[in-house]
Every structure is written in structure tokens, then in C-alpha cells.
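# what's the 3D shape of this:
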Amino acid sequence: MASLNISEQIRNLEESLLHQDFSSIPEALEAMICDDFREVDPKGRECSREDVISWLLQKDPTMRWEFSEFTVNQLTDNSVLATYLARQILPESSSSGSRHSSIWRATNPEKTWQLIFHQSTKII
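Residues are numbered from 1 along each chain as shown. Next up, the predicted model:
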């Protein structure tokens, strides 16, 4: 991903987390998520790394989301904040979607990014 700018890299990672079927390569998913990862779900509950990995491995691989309003802000030399709106499009949903915030950290000089925090808030 070195030839892509940071915003493109992070967007690709976010889309990959939701769209890729990791069931046959769980180690790739585990490498994307930091050991000390935390998530706050749409109901305000804190979820563990294991909870999120389990959901991503078990979700329907045909589910798809549409991303919009995607922005990336540099927090430090090695961390960024991504914010975006995601709306499930397959299977069709009547939901207006959710606002998402993610913090990604580069773990080495080659800028291998790992997710350290994620929060989603349902749009009512």
C-alpha cells in the first residue's frame, strides 16, 4: 500500500474489514487489529478485540456497506483518525446507517497499519 496516500490506505483497510471474508484467513484479520484494541458499539457498549474478531469472522460474507463522507486526520506521525458514514446496502436495510470513528496506528517504518479503536453510532 506504499504507493497510496494515507487516506486511501485507511479507506481500503476499513472497507476490507467489512467486505473481506476472513473465515479462511483469520490470521490476516488478527494482524489488522491491535492486541489492545477497544470498540464502542452503536448501543454504547464496550466490546473486546475477541468480540469484534468473532463477529467479523462469522458475518455473512455477502454483506456490503456504502461509505461516504470519509476523512482521515493525522493525529501523530504514526496515528490517524478516520471518520465516515457507512450504510448497509446488501442485504438491503432501511437503516440510515452509522457514523464511524477509527484510530489506526502504524506499527513500523513501512507503515503497516493496525486498528486500535473503533466506535459506531447509529443515525436515527
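# Just give the closest residue to Q74, not the sequence neighbours.
Counting by C-beta to C-beta, 6 or more residues apart in numbering, Q74 lies nearest to V80, which is 5.6 Å off, once chain neighbours are set aside. (C-beta placed from N, C-alpha, C; glycine too.)
# typed the wrong thing, it's T71
Using C-beta to C-beta, 6+ apart and skipping residues adjacent in sequence, the residue nearest T71 is T83, 5.4 Å away.
# ok, now P26?
P26 sits nearest to L57 (C-beta to C-beta, 6+ apart), 5.9 Å away.
# Identify each of the helices in the protein and give its residue range.
Ranges of helices within the chain are 6-19, 26-32, 49-58, based on DSSP state H.
# from those, which stretch is densest packed?
Mean neighbour counts were compared across these using mean count of other C-beta atoms under 10 Å; the top stretch is helix 6-19, at a mean of 16.
# what sits up against it?
Residues outside helix 6-19 that contact it (C-beta atoms under 8 Å, 6 or more residues apart in numbering) are 1, 4, 29, 32, 56, 63-65, 67, 70-72, 74, 80, 82, 84, 86, 100, 102, 104, 111, 113, 115.
# Mind doing that once more with 7 Å?
Where contact means C-beta atoms under 7 Å, 6 or more residues apart in numbering, the residues beyond helix 6-19 that reach it are 1, 32, 56, 64-65, 67, 70, 72, 80, 82, 102, 104, 113.
# What of stretch 57-64?
When contacts are defined by C-beta under 7 Å, 6+ apart, stretch 57-64 is touched by residues 19, 21-23, 26, 29, 88-90.
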